[in-house]
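Trainee: Predicted coordinates and the sequence they were generated for:
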Amino acid sequence: MPVNSLNDHGGLGSLISLLDPHDPLVFVRRGNGIAGIGEVARLEFTGPQRITDAAAVWRQLLAGATTTDPLGLPGTGLVAFGSFAFSEHSAATSVLIIPSVVIGRHGGTEWITHISAEAIDATASAAATSTELPIPVPFGQNFSVKFAPGEMTPTAFEAAVDAALAHITAGDVSKVVLARDLIGALPSGADLRLVLDTLATGYPDCFTFAVNGFIGSSPETLVKVDRGAVSARVLAGSVGRGSDAGADDAAAATLATSTKDLDEHGYALRSVLGALSPHSANLATSELPFTLKLPNLWHLASDVEGTLTDGSSSLDLVAALHPTAAVAGSPTPAALAVIHELEPFDRGRYAGPVGWVGSNGDGEWAVALRCAHVSSTGRITAYAGSGIVTGSVAAQELAETKMKFRPIVEAFSASPSSAQRANAQAG
């Protein structure tokens, strides 16, 4: 699988414009990342060992692959995009997808990787491949999706929050994360790149992703592995942005001193440190979380950094980390049982790991938040959740989910994206 630099060929422009309009494959942040075209192989997994099985299969595949990668940057060489179900009981299939072409950007370098089936076959070497650049496809017409409550209605969600608080009072759990759903219908022939473009433009500091019909823009890094360095970003605790500068500063200050939100954040941070500590002897994080500003809300955030000491791949660490207390609760097994009791739907791949793994085991994975699943029939299911701890109030938790729905709901709305505006200007 040859990797060719594009710096001398005029560059790629928008990665999103190169994607399949109806089945995009991408993982980008701040204009950097990778996008896939075509499909050489699809590896599918289910059940309790879905992520560890994927890690094992990936190692076996790498052992037989032939790779030519003169760049050695994150995302060059053999790459698979992945998306995993939240629950071991989920009916949703977890996938690793190896595209036939990977196009990427890291800093000032752009590249294209061609992957052949022969190159990932242990009995063959890399086949000759074309070095033609992918051609951007004009974006489709604007469309609008109207969302309605799904299986977890607002009233049912508030009742579930109260039931979760009863579990907390009884000592069953310290924290539990509850989600609710919205449903909509995608118009026939709709260009999903418009949704991705809106998300990437509106939320540049988030990971905008699309894998196997699962689309979103997540602010939370599950784990990143880059040449022996490991890092993660923990988000838990949030509040809406203020209506003006003064109110916005006050909202951030209130969040930073909120006992309820600090407790919620502490559970999430401890779960990440506990999962990563067997793999790194020198993990470091700040003593107190910082406030992270997004277009629609503030989050409490903590960064974790360290050096791998056991040779784990990014998929190995995904298996160790998922699910964190940020998306499940604490203690995790008890919280999962409460989620199973109180949520009337299968989360599918919502709150599961989404990202990519490379030819040396490195990779970057986010927690699939601010997202929606688009089925083969055009049914859209969007998800948002909230962490319930002592001091939570059902109406406030419902309001938090409404804030978290905003990015994905607006992305499917009629607001023109930057790509559409560019199309109009070009015409």
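Mentor: Ah, there it is.
Trainee: Please enumerate the helices of this structure.
Mentor: Secondary structure of the chain (DSSP state H): helices at 50-64, 154-169, 193-202, 245-256, 259-276, 314-321, 332-342, 394-411, 418-426.
Trainee: Show me what the second one packs onto, helices and strands only.
Mentor: Based on contacts counted as 3 or more Cβ pairs under 8 Å, 6 or more residues apart in numbering; DSSP states H and E, the elements that helix 154-169 packs against are strand 175-185, helix 332-342, strand 379-388, helix 394-411. Glycine gets a C-beta too; all of them are placed from N, C-alpha and C.
Trainee: looking at these, which is closest to W298?
Mentor: With distances scored as Cβ to Cβ, the stretch of the helices and strands packed on helix 154-169 nearest to W298 is helix 394-411 (10.1 Å).
Trainee: For the closest one, buried residues please.
Mentor: Across helix 394-411, burial judged by 16 or more other Cβ atoms under 10 Å covers 394, 397-398, 400-401, 403-411.
Trainee: Report the angle between that helix and helix 259-276.
Mentor: Calculated by axes from the mean of the first three to the mean of the last three Cα atoms, to 10 degrees, helix 394-411 forms an angle of 60 degrees with helix 259-276.
Trainee: Which residues does helix 394-411 contact?
Mentor: Residues outside helix 394-411 that contact it (Cβ atoms under 8 Å, 6 or more residues apart in numbering): 147, 154, 157-159, 161-162, 178-180, 182, 195-196, 198-199, 202-203, 206, 215-217, 238, 240, 295-297, 369-372, 382, 384-386, 388.
Trainee: which of those residues are buried?
Mentor: Here, 16+ other Cβ under 10 Å leaves 147, 157-158, 161, 178-180, 182, 195-196, 198-199, 202-203, 206, 215-217, 238, 240, 296-297, 369-372, 382, 384-386, 388 buried among those.
Trainee: okay if I get the helices and strands packed on helix 154-169 as CSV plus mean pLDDT and distance to A245?
Mentor: As requested, the helices and strands packed on helix 154-169 are exported to CSV (pLDDT from 0 to 100; distance: least, Cβ to Cβ, whole Å):
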stretch, mean pLDDT, distance to A245
strand 175-185, 97, 31
helix 332-342, 97, 37
strand 379-388, 96, 26
helix 394-411, 95, 19
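Trainee: Mind putting those into CSV with distance to G311?
Mentor: Converted to CSV, the helices and strands packed on helix 154-169 look like this (distance: least, Cβ to Cβ, whole Å):
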stretch, distance to G311
strand 175-185, 32
helix 332-342, 26
strand 379-388, 33
helix 394-411, 37
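Trainee: Nearest to A41, out of these?
Mentor: Closest to A41 of the helices and strands packed on helix 154-169, according to Cβ to Cβ: strand 379-388, at 26.9 Å.
Trainee: Does P24 touch L192 like I think?
Mentor: Yes: using Cβ atoms under 8 Å as the test, P24 is close enough to L192 to be in contact (5.6 Å).
Trainee: Now for the two: what residues contact both?
Mentor: A210, I215.
Trainee: Around V102, count how many other residues there are.
Mentor: V102: 28 surrounding residues under other Cβ atoms under 10 Å.
Trainee: cool, D244 as well?
Mentor: Neighbourhood size, D244 [other Cβ under 10 Å]: 9.
Trainee: Relative to L294, how far out is it?
Mentor: D244 is 17 Å from L294, where distance means Cβ to Cβ, to the nearest Å.
Trainee: what separates G33 from G107, distance-wise?
Mentor: Distance, G33 to G107, using Cβ to Cβ: 12 Å.
Trainee: Which one of these two is surrounded by more residues?
Mentor: Legend: neighbour count by other Cβ under 10 Å for G33 and G107, higher for G33 (23 against 9).
Trainee: In contact with the more buried one, which residues?
Mentor: Each residue near G33 by Cβ under 8 Å, 6+ apart is listed here: L15, V26, F27, G75, G104, R105, F207.
Trainee: What separation do you get for it and L315?
Mentor: Counting by Cβ to Cβ - G33 and L315 are separated by 18 Å.
Trainee: Using PDB, list the CA coordinates for stretch 266-282.
Mentor: Presented in PDB, the C-alpha positions along stretch 266-282 are these (Å, rounded to 0.1, in the frame of the first residue of the first chain):
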ATOM      1  CA  GLY A 266     -14.100  12.900  39.600                       C
ATOM      2  CA  TYR A 267     -15.900   9.500  39.000                       C
ATOM      3  CA  ALA A 268     -15.100   9.800  35.300                       C
ATOM      4  CA  LEU A 269     -11.400  10.800  35.800                       C
ATOM      5  CA  ARG A 270     -10.700   8.000  38.300                       C
ATOM      6  CA  SER A 271     -12.200   5.400  35.900                       C
ATOM      7  CA  VAL A 272      -9.800   6.500  33.100                       C
ATOM      8  CA  LEU A 273      -6.800   6.600  35.400                       C
ATOM      9  CA  GLY A 274      -7.600   3.200  36.800                       C
ATOM     10  CA  ALA A 275      -8.000   1.700  33.300                       C
ATOM     11  CA  LEU A 276      -4.800   3.200  31.900                       C
ATOM     12  CA  SER A 277      -2.500   2.800  34.900                       C
ATOM     13  CA  PRO A 278      -1.600  -0.900  34.100                       C
ATOM     14  CA  HIS A 279      -0.400   0.200  30.700                       C
ATOM     15  CA  SER A 280       1.600   3.300  31.800                       C
ATOM     16  CA  ALA A 281       3.700   3.900  34.900                       C
ATOM     17  CA  ASN A 282       3.800   7.700  34.600                       C
END
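Trainee: For it, buried residues please.
Mentor: Buried, per 16+ other Cβ under 10 Å, within stretch 266-282: G266, Y267, A268, L269, S271, V272, L273, A275, L276, H279, S280.
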